[in-house]
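A.B. asks: Output the structure for:
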Amino acid sequence: LRAPNLVLRVLAANELADRFGGEVARAAFAQVTEAGGREALPAALALARLAPEATVELPADVSDEEASLRTLRVLAERGALGARERAWVARVAREAPIGHAIRAMADRFGRRPEPWQAELVLRVQPRVPVADTELAYALRLALKAQLERASEAELARWRELTPRVDAQLADVAVAVPTPLSAGFLLDYLEMTAFAGDRAGEFARHAVRHLPPERLEAAVQGMIRSLEQAPASQRLALAEGLSATLGQNRRPLPETVRRWMVETLLGIVPAADVPLARRAAEALREPVLPEKVVPLTAVAERLELDYGVRLAAMRGLPAADPAVLEMLGRVVRRAEEAPRMRRIAVTQLGTVPAVAAARAHLAAALPGAPVDLSLAIATELARTNEGATLLMAQVEAGNAPALLLRHRDLATACASRDAAVRERAERLTAALPPEDARLDAVIAERTGSFAAAVKDLQRGAAVFAQNCAACHRAERFTRRNRRAAV
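C.D. replies: Next up, the predicted model:
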């Protein structure tokens, strides 16, 4: 029981309790426990299991971490604590240094929550160092357990404890799906004027869990308080409403829904790019007929931020005729960013049954770069009608027949109708096998490398600038330099 190895001490305590039990084991455990020190913990725990009703000795000096830790571990094995034990634990929370004893207390609170623990958790939290993420997490779990069972009166009492207790409660309330936590978060958002990075998350949680009879009045109050507020604060509430409408499918009151749409659409074309991106992203999920025309215009404007345009494009219903026309123009526009053209191709491919979408894809094939041609052809080959258009474009010379040899297209065409498969086989019959074509490309490129003028110093400089971040470059042997060239 006094071995320096913890595993041996635990094994010895368990064996002694199992083999002898009764007075013999209790006497041995008591003797080791009275001696104190770190080695006494397994004996103290075993003694508590053998005599669960015995009075636990509470150390007078709570700064003695070993004694406090041992006592807290013993108390963790018991049920509800009496007034004497609760008073001692409160002293630990107030006076003990941040360390193992406080960790044991947080663990006990999380596993066996009792009403008297909430105030202690709220007082300990501000003392936890930022780097001690494990203890901070354990205390948040303990506070979450308290919020899950709290009454309105208890919550009001907690809010009077310290100046920053509201922020501590909000950090945890967002994980508690109750009307009480939703109402508290609404109060917190109004108190902080929707400031902070998590305002949108708080608003979303509040809207999702407020009772329907309270939702409209509560949100209308927030909207009135934000009439003269900066766009960032109005956006935070609109994001929360949008997420609720898009993910939870919970209907919003018409006045609230209209305010949300007007707010988000008003921010999307703004000069503040981060806000505009957030607003465009918030409009992606909800089904809103009012967003189609303005987002279509945003998605097509070359001078706008790429991220804003991308979010706007992805938030549009591709089957809408106006959206189809816009996507077709983006795909065909040569001055457009390559990635934006590919995104437009993907969006058109989401409605393969729409003839206009297939027509726009086929019309973009002439003159398209190889990678874009491959993306268009892949989308067309998903249906018999699209594959038929693709074959017609290849036969007309608007797309290279080599596209049909690509493994993705070959796989797609193999599952199409017999007529499509026959046309594909006829168009590729005169082409060399794919392996032979690739061998020819490799030979051509390696031949051009051999004919190049070599400069070892310039090659080493290029290697150092572009390759050394990932590849070993501390020894430039002649072989390494030649490889760099």
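A.B. asks: Quick test: name the residue nearest the centre of this protein.
C.D. replies: Nearest to the mean C-alpha position of the chain, by Cα atoms, centre = their mean, lies residue 201 at 12.2 Å.
A.B. asks: Name the nearest residue to it, ignoring sequence neighbours.
C.D. replies: When the adjacent residues along the chain are set aside, residue 201 lies closest to residue 174, with 6.0 Å between them (Cβ to Cβ, 6 or more residues apart in numbering). Placement of C-beta: from N, CA and C, glycine included.
A.B. asks: Repeat that for residue 119.
C.D. replies: The shortest distance from residue 119 to any non-neighbouring residue, by Cβ to Cβ, 6+ apart, is to residue 161 (6.1 Å).
A.B. asks: Need phi/psi at the one you found.
C.D. replies: phi -70, psi -60 (degrees, to the nearest 10).
A.B. asks: Please list all residues in contact with it.
C.D. replies: 119, 122, 123 (Cβ atoms under 8 Å, 6 or more residues apart in numbering).
A.B. asks: Out of these, list just those in helices.
C.D. replies: Those of the contacts of residue 161 mapping onto helices are 119, 122, 123, per DSSP state H.
A.B. asks: Any chance of these in CSV with distance to residue 390 as columns?
C.D. replies: Converted to CSV, these look like this (distance: Cβ to Cβ, whole Å):
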residue, distance to residue 390
119, 70
122, 66
123, 70
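A.B. asks: which of the residues you listed has the most neighbours?
C.D. replies: residue 122 (21 neighbours; other Cβ atoms under 10 Å).
A.B. asks: and that one, what is it in contact with?
C.D. replies: With Cβ under 8 Å, 6+ apart, residue 122 has these contacts: 143, 158, 161, 162, 165, 168, 169.
A.B. asks: Let's see that with 6 Å instead.
C.D. replies: 161, 165, 168 (Cβ atoms under 6 Å, 6 or more residues apart in numbering).
A.B. asks: Just give me the least confident of the residues you listed.
C.D. replies: Among the contacts of residue 122, residue 161 carries the weakest pLDDT, at 86.
A.B. asks: how about the helices in the stretch 1-150 of the chain?
C.D. replies: Ranges of helices within the stretch 1-150 of the chain are 6-19, 22-35, 41-50, 65-76, 83-95, 100-111, 117-124, 133-149, based on DSSP state H, counting those that start in this stretch.
A.B. asks: Pull the CA coordinates from stretch 79-92 and hand them back as PDB.
C.D. replies: Output of stretch 79-92 as PDB, limited to C-alpha atoms (Å, rounded to 0.1, in the frame of the first residue of the first chain):
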ATOM      1  CA  GLY A  79     -24.500  10.400  -3.100                       C
ATOM      2  CA  ALA A  80     -25.900  13.700  -1.900                       C
ATOM      3  CA  LEU A  81     -23.600  15.400   0.600                       C
ATOM      4  CA  GLY A  82     -24.600  16.800   3.900                       C
ATOM      5  CA  ALA A  83     -24.300  20.400   5.100                       C
ATOM      6  CA  ARG A  84     -20.900  19.700   6.700                       C
ATOM      7  CA  GLU A  85     -19.400  18.300   3.500                       C
ATOM      8  CA  ARG A  86     -21.000  21.000   1.300                       C
ATOM      9  CA  ALA A  87     -19.500  23.700   3.500                       C
ATOM     10  CA  TRP A  88     -16.000  22.100   3.200                       C
ATOM     11  CA  VAL A  89     -16.300  21.800  -0.600                       C
ATOM     12  CA  ALA A  90     -17.300  25.500  -0.800                       C
ATOM     13  CA  ARG A  91     -14.100  26.300   1.100                       C
ATOM     14  CA  VAL A  92     -12.100  24.300  -1.500                       C
END
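A.B. asks: Now do the buried residues in it.
C.D. replies: Residues of stretch 79-92 classed as buried: 81, 85, 86, 88, 89, 90, 92 (neighbour count, 16 or more other Cβ atoms under 10 Å).
A.B. asks: Pull up the gap between the second one and residue 91, please.
C.D. replies: So the one you mean is residue 85. 11 Å (Cβ to Cβ, to the nearest Å).
A.B. asks: For the chain, give me the ranges with low pLDDT.
C.D. replies: When residues are selected by pLDDT under 70, those of the chain lie in 6, 21-56, 246-250, 434, 437, 472-485.
A.B. asks: buried set for stretch 338-349?
C.D. replies: Buried residues in stretch 338-349 (16+ other Cβ under 10 Å): 340, 341, 342, 343, 344, 345, 346, 347, 348, 349.
A.B. asks: Would you report which members of those are assigned to helices?
C.D. replies: Reading helices off the buried residues of stretch 338-349 with DSSP H, I get 340, 341, 342, 343, 344, 345, 346, 347, 348, 349.
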